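1. Build me a model from this:
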Amino acid sequence: MSDTDALAQMLLAANRIAVFTGAGISTESGIPDFRSPGGVWSKMKPIYFEDFISSRDARRESWARVFNRTAGWTGAQPNTGHFAVADLVHMGKVNSIITQNVDNLHQDSGVPEAQVIEIHGNASYATCLDCGARYAFDALQPAWERDEDLVCQDCHGLIKSATISFGQAMPGEKMARAETIALQCDLMLVLGSSLAVYPAASLPLLAKQHGARLVIVNRDETDQDPYADLVLHAEIGRLLSAATDSVRQAFQS
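-> Prediction:
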């Protein structure tokens, strides 16, 4: 049986699929991953949350990276993998996407924002750390260029890119939603995650422990491969697009 047929069979047999995505699905859009040679953290050191809070210099550097797009997390387009996931959502096979990515590409591919759980935040906008008010980067850049600290118009709290930084607490409400999805799904489909960053990486195992089947599609091996019902080392876009086409044809026949 081909990889495409094996994956398509798993998708067809499931009724409540949860998709868990990592950097590997977005590298096919030209977005660098984090830890590989040539990845983001091999080119620049992360700025820790406590340093952002306490140091104006750290905040200036953090915003310089945002406005100069140093990390390369924004400005890309969805690839065939993102569109295949969106197709599964529109077919009703997938209810929720849990993503470690911050690039907004699932929403850009047509998935409603309410169905994307971004457990590591979003790099396409900023929020106030105190009241949660949302800001577009274009509205903030003039003040940054005037060398002003970026603070909220409503409560004067610090504004930060909506990504979750090292040392910053995980978003409690989103993690709770993700755990609920993991407990309720009958198939957890992991796409492009090394499954090495916790607590996010605990979600596929949580699903497996509560009766869901586990499928991992990733370039490299992961520590969770021995627990998976199907492991495929393949290009995500090509494989998932072909499997999704098979699912659509089955629906139409």
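2. the strands in the stretch 51-200 of the chain, which residues?
-> Per DSSP state E, counting those that start in this stretch, the stretch 51-200 of the chain carries strands over the ranges 94-99, 116-118, 121-128, 134-135, 159-163, 187-191.
3. any chance of those in a markdown table, plus mean neighbour count and mean pLDDT?
-> Just so you know, the C-beta spots here come from the backbone N, C-alpha and C atoms, and that holds for glycine as well. Output for the strands of the stretch 51-200 of the chain, formatted as a markdown table (neighbours: other C-beta atoms under 10 Å; pLDDT from 0 to 100):
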| stretch | mean neighbour count | mean pLDDT |
| --- | --- | --- |
| strand 94-99 | 24 | 96 |
| strand 116-118 | 23 | 98 |
| strand 121-128 | 21 | 94 |
| strand 134-135 | 14 | 96 |
| strand 159-163 | 22 | 96 |
| strand 187-191 | 27 | 98 |
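4. so which of those strands gets nearest L7?
-> L7 sits nearest to strand 187-191 of all the strands of the stretch 51-200 of the chain, at 8.5 Å, using C-beta to C-beta.
5. would JSON lines of the strands of the stretch 51-200 of the chain with distance to S241 be doable?
-> Compiled in JSON lines, the strands of the stretch 51-200 of the chain are given as follows (distance: least, C-beta to C-beta, whole Å):
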{"stretch": "strand 94-99", "distance to S241": "14"}
{"stretch": "strand 116-118", "distance to S241": "19"}
{"stretch": "strand 121-128", "distance to S241": "25"}
{"stretch": "strand 134-135", "distance to S241": "33"}
{"stretch": "strand 159-163", "distance to S241": "28"}
{"stretch": "strand 187-191", "distance to S241": "12"}
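6. just so I know, which of these lies nearest A58?
-> Closest among the strands of the stretch 51-200 of the chain, using C-beta to C-beta: strand 159-163, at 10.9 Å.
7. contacting residues for L240?
-> Shown in contact with L240 (C-beta atoms under 8 Å, 6 or more residues apart in numbering): 7, 80-81, 84-85, 191, 217.
8. Okay, and which of those map to helices?
-> By the criterion of DSSP state H, membership of the contacts of L240 in helices covers 7, 80-81, 84-85.
9. Most widely separated two among those residues?
-> L7 and T80 (14.2 Å).
10. Show me which positions of the lengthiest helix in the chain end up buried.
-> Using DSSP H, we find that the single longest helix of the chain is helix 236-252. By neighbour count with 16 or more other C-beta atoms under 10 Å, helix 236-252 contains the buried residues 236-244, 246-248.
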